[in-house]
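Peer 1: requesting a structural model of the entry that follows:
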Amino acid sequence: MPKYFYVNNEYFKLSNFLSPTIAASGKLLSESVKKDTAASAEIEFSKSIEDLLSHLEFDVHSGKIWFGGQRMVLSHAHALWKLREELSLNLGGEITQRLFFRYGYFAGLEDAEISKKLRPGGSWKEGFLSGPQLHTIRGMVKVVPDQMIVDFDSGEFFASFDWYNSVEVAYHKKFHGLSDTPVCFSSLGYASGYTSYFFGRQIAFKEVQCAAMGYDHCRIEGRPIEEWDEDTDLQKFFNAERLNTELFERRSNFDELKRQNSTTRIKPEGFFSAIGESPSFKTATALMRKVAKTKATVLLQGETGVGKEVFATALHEASDRSANPFVAINCASIPNDLIESELFGVEKGAFTGATQSRKGKIEAASSGTLFLDEVVELSPRAQAALLRVLQEGVLNHVGGYNNISVDIRVIVATNEDLQIAVQQGKFRQDLYYRLSTFPIHIPPLRERKQDILLLAKFFLQKYTAMYNKNIQGFTDKAREYLNLYTWPGNVREIQNVIERAVILNDNHNLIDTDDLLLSNIQERYSPSGQKLKISATSGNLHIADDSRFNEALETLFHDGFDLEGFNDKLIHAALNQCEGNVSKAARLLNISRAKLDYRLSKSGQK
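Peer 2: Numbers count the residues shown, from 1 in each chain. The predicted structure is shown next:
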């Protein structure tokens, strides 16, 4: 069988698709193309697998295997086969086939995402042919591409692959001898899942011959699912509607998010349950539920960025005043000479510039809730006036003498300890006692480890909808980075990090560590234990040799070493080597073009 590809009415040598650098496209229809042997194709195939192997890392100290940012497991093939046998015995052959097909299918989806990330600059052909290579790396089967016909204009697709050394065939023949039907359900699911993801439509593969049936090797063929004359395993083992909505289009959830205003407040009960499961968070929200229906003044205490205004909003929406105004004011953002007029209102002519009478924030919040953030910044006069409002329910405009009755519920917040502020003479003691009727401590994010990924997921949904991107989640290593980081900026910081990651993400389905720009995590937390790499030449594991790299690092550190400056110099050196070509420099630095643009803008080099 000739080894060739036929794409948009042009023939190409198979080797041109399998080499690390894709040759320039051109018409290569000739006898040499049709006589291209399987042996030469396999040589090129092996060469082009090197860049993928370089991303496979065994961290023996931490007990983790990483590949393209995703955590892997080195499993016993026999153990997997024993599981298959037990499931078949207890659940029946058809259900077992369905489960293992779906397992392979989802593995194919994951590898398609990894392939998209590891070979971002290549053509679609190079990216697609990562699938057979990754399938081989997994040890499931040796894949040899045979034919492929693709016409994007007409939607035509056909592909065939030869399989050798299938692990499913080996164990079936070992324990059961020859089979009357194909047995490679996991590998078939893998091919269908990978290809379907890659082409954005349902591509179903069939095992047209299987070595378990006595053939020399297995062979599969793939077509769009609707072009098969009979049902395929993809049709039998998946509900087509569910497949469309959940694995490809995935539009329903995003459409719903887009219909929502991105600034819409979360309902209190939803807020409490959606982004907080840690004990410290539950303690705070339990107190909020108890005080929500009352008129008691609430003091929210916590570090900057913990979300005090969000908590105050939730308190208001859970109260009997939810239909009335919620007015928030940051006392630190208003000059001392204006804070009184902002809070209490002003009479015309009270001071230069007061050309008309107007209400203050407290009157605007009447019958509703007033939220004062950074209340410790109030001037002494404003503190005295606020105390009168809380005690008597009346106020006077600046420059006015008429008592104005107000009915408000007050929530205040501060990132300082008010008791210390009282001791330092910055805050009135009697006002402190009045404000601290019901104190609630909002824990920092570093004390809410269980909530980090919940918050990250929440903000990911928000910003993927806002920026119209199809990002489904985080890689395993990205999730580990999120958990390891201390988040000094708390919830506000994680919100900003996720928004930036969504913007920087290069159309991948998963946020990876490079998108988070938390590169210092690996150096700070990774143990110094040995890590193993796969040798691209021998295929054997070897200890990653970082000695020369470490020696170079030792010469960098000196008094006054500037990490940001060093990064700028490194980027500048890459640009010089690439003669100013930003795309080439990004590839040299092993980061995306978008990330390099971001760093250049940040450092002022662009």
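Peer 1: how close does Thr464 get to Leu510?
Peer 2: From Thr464 across to Leu510, the span is 12 Å (CB to CB, to the nearest Å). C-betas here are computed from N, CA, C, even on glycine.
Peer 1: do the same with His397
Peer 2: 57 Å.
Peer 1: is it true that Gln235 lies in a strand?
Peer 2: No. Counting by DSSP: H, G, I helix; E, B strand; the rest coil, Gln235 falls outside a strand, being helix.
Peer 1: with adjacent residues omitted, what lies nearest to it?
Peer 2: Ile225 (6.4 Å; CB to CB, 6 or more residues apart in numbering).
Peer 1: the nearest residue to Gly68 once chain neighbours are set aside: how many residues sit nearby?
Peer 2: Spatial nearest neighbour of Gly68, excluding adjacent residues (CB to CB, 6+ apart): Ile114 at 3.7 Å. For Ile114, the neighbour count with other CB atoms under 10 Å is 22.
Peer 1: Ile114 contacts Met72, correct?
Peer 2: No. Ile114 is not in contact with Met72 according to CB atoms under 8 Å; the separation is 10.1 Å.
Peer 1: check contacts around the residue nearest to Gln235.
Peer 2: Ile225 makes contact with Gln202, Ile203, Ala204, Thr232, Leu234, Gln235, Ala240 under the criterion CB atoms under 8 Å, 6 or more residues apart in numbering.
Peer 1: please name the bridge partners of the second one.
Peer 2: If I follow you right, that is Ile203. Under the criterion DSSP bridges, Ile203 forms beta bridges with Pro224.
Peer 1: pretty sure it contacts Glu221?
Peer 2: No. Checked against CB under 8 Å, the pair Ile203 and Glu221 is beyond contact range at 10.7 Å.
Peer 1: the two: which has the busier surroundings?
Peer 2: Comparing Ile203 with Glu221 by other CB under 10 Å, the one with more neighbours is Ile203, at 24 against 18.
Peer 1: now do the contacts for Pro325.
Peer 2: Residues in contact with Pro325 (CB under 8 Å, 6+ apart) are Ala364, Ala365, Ser366, Ser367, Gly368, Thr369.
Peer 1: with pLDDT and secondary structure added, can I get the residues you listed in JSON lines?
Peer 2: Putting the contacts of Pro325 into JSON lines (pLDDT from 0 to 100; DSSP: H, G, I helix; E, B strand; the rest coil) gives the following:
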{"residue": "Ala364", "pLDDT": "87", "secondary structure": "helix"}
{"residue": "Ala365", "pLDDT": "88", "secondary structure": "coil"}
{"residue": "Ser366", "pLDDT": "87", "secondary structure": "coil"}
{"residue": "Ser367", "pLDDT": "91", "secondary structure": "coil"}
{"residue": "Gly368", "pLDDT": "92", "secondary structure": "coil"}
{"residue": "Thr369", "pLDDT": "93", "secondary structure": "strand"}
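Peer 1: what is the nearest of the residues you listed to Gly393?
Peer 2: Relative to Gly393, the closest of the contacts of Pro325 is Ser366; by CB to CB it sits at 10.0 Å.
Peer 1: nearest residue to the closest one other than its sequence neighbours?
Peer 2: Nearest residue to Ser366, sequence neighbours excluded (CB to CB, 6+ apart): Val406, at 4.7 Å.
Peer 1: tell me the pLDDT at the one you found?
Peer 2: Here the pLDDT value assigned to Val406 is 88.
Peer 1: neighbours of it, just the number please.
Peer 2: Neighbours of Val406 under the rule other CB under 10 Å: 18.
Peer 1: perfect, I'm done here.
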